[in-house]
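*Asks:* Based on what follows, work out the 3D shape:
(one chain, ligands or ions: 1)
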Amino acid sequence: MILERFRLKGKCGLVTGAGSGIGKAMARGLAEAGATVALSGRNMEKLERATAEMTSSGLNAAPFSVDMAEPDSIAALADEVIADFGRIDFLFNNAGMIYREAPEAFPFTEWESMLRVNLTGPFLLSQAVARHMIAEGISGSIVNTSSLIAVFGGVKVPAYAATKGGLTQLTKSMANDLAQYGIRVNAIGPGWVKTEMTAALQHNTERFAAISARIPLGRWAAPEDLAGLAVFLASNASAYITGQVIFIDGGYTAM
Ligand SMILES: NC(=O)c1ccc[n+]([C@@H]2O[C@H](COP(=O)([O-])OP(=O)(O)OC[C@H]3O[C@@H](n4cnc5c(N)ncnc54)[C@H](OP(=O)(O)O)[C@@H]3O)[C@@H](O)[C@H]2O)c1
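*Replies:* Presented below is the predicted three-dimensional model:
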């Protein structure tokens with residue numbers, strides 16, 4: 001039956017940046033579909049709260065600390081989740097940061113930390129998880145959170161645009177190389193989502209209205225709008241999809 005192919009019962013996986021926003025909503029969706037989910041990020045208080053909301057509704061989840069800017073912390077995260085869950089069937093590289101400044105004034109320290117968190121970190125975590133999947137013969141799924149800004153360039157976001165563009169190409173490159181092991185690598189490209197990351201824009205009445213008017217569906221996404229695609233990409237229902245960036249943007253890229 002087709003709905004069986006969407007079920008994640010028996011699967012275990014990891015979502016980074018799961019204490020808030022898109023990551024939190026995807027983690028909940030994945031657990032509701034039957035998976036055991038590791039919620040990771042830096043802020044343990046937020047992660048424990050998000051985990052408690054899930055476990056109190058009978059879902060399987062646990063919090064794990066990671067700083068995606070630190071290679072040792074990333075390696076430790078992969079080891080801890082594998083030790084606790086026994087396996088990783090899916091990874092969502094969702095943690096990310098943004099810093100807004102014109103290119104001529106952009107601070108080098110921010111450039112460096114954005115590359116580490118948004119691009120190098122996802123590569124290192126994918127590498128650790130792929131090694132585990134290959135060793136254990138797991139036909140797993142890796143999903144990166146890219147962005148509209150990988151396509152449009154944006155304004156005053158040179159490092160963010162570069163990292164999301166890089167993450168898109170990393171998705172395709174790793175998809176090609178890992179396909180031989182049955183490991184799929186895809187990306188989600190969110191449009192405008194109401195999260196902490198976009199709080200300033202949401203409060204800027206003029207910009208908020210201008211962006212909303214440019215979205216064919218006429219509204220910003222809620223984090224929960226991303227959960228269905230997360231479940232699909234982690235599940236056997238998407239078994240023949242790899243190397244793709246799938247936009248969830250209310251039609252923005254079509255306009
Ligand atoms: N909101 C949008 O409109 C939009 C659009 C396109 C793409 N995205 C992407 O969606 C992803 C999630 O963002 P969001 O919108 O849900 O915003 P958010 O609520 O601010 O989530 C960002 C998450 O990243 C985590 N994070 C940041 N730096 C980290 C680090 N060094 N180590 C580990 N975790 C780190 C944060 O967790 P801690 O605070 O616990 O570290 C936080 O949970 C990001 O990759 C973002 O670029 C968002």
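
*Asks:* CA atoms for contacts and neighbours, from now on please.
*Replies:* Noted.

*Asks:* so residue 13 sits in a strand?
*Replies:* Yes: assessed with DSSP: H, G, I helix; E, B strand; the rest coil, residue 13 lies in a strand.

*Asks:* what about it, neighbour count?
*Replies:* 27 (other CA atoms under 10 Å).

*Asks:* what residues are up against it?
*Replies:* By CA atoms under 8 Å, 6 or more residues apart in numbering, residue 13 lies in contact with 35-38, 87-91.

*Asks:* Give me the next element, helix or strand, following the host helix or strand of residue 159.
*Replies:* Assigned by DSSP states H and E, residue 159 belongs to helix 158-178. Downstream of helix 158-178, the next assigned helix or strand under DSSP H and E is strand 184-190.

*Asks:* Now find how far off-centre that next one is within its chain.
*Replies:* 8 Å (CA atoms, centre = their mean, to the nearest Å).

*Asks:* Likewise for stretch 223-241?
*Replies:* Chain-centre distance of stretch 223-241: 12 Å, with CA atoms, centre = their mean.

*Asks:* again, but for stretch 177-197
*Replies:* Its chain's C-alpha centre and that of stretch 177-197 lie 6 Å apart, by CA atoms, centre = their mean.

*Asks:* separation between residue 150 and residue 162?
*Replies:* Taking CA to CA, to the nearest Å as the measure, residue 150 falls 7 Å from residue 162.

*Asks:* Ok, residue 111 next?
*Replies:* Taking CA to CA, one finds residue 111 at 10 Å from residue 162.

*Asks:* I'd guess residue 135 is in a helix, am I close?
*Replies:* Yes: counting by three-state DSSP, residue 135 is part of a helix.
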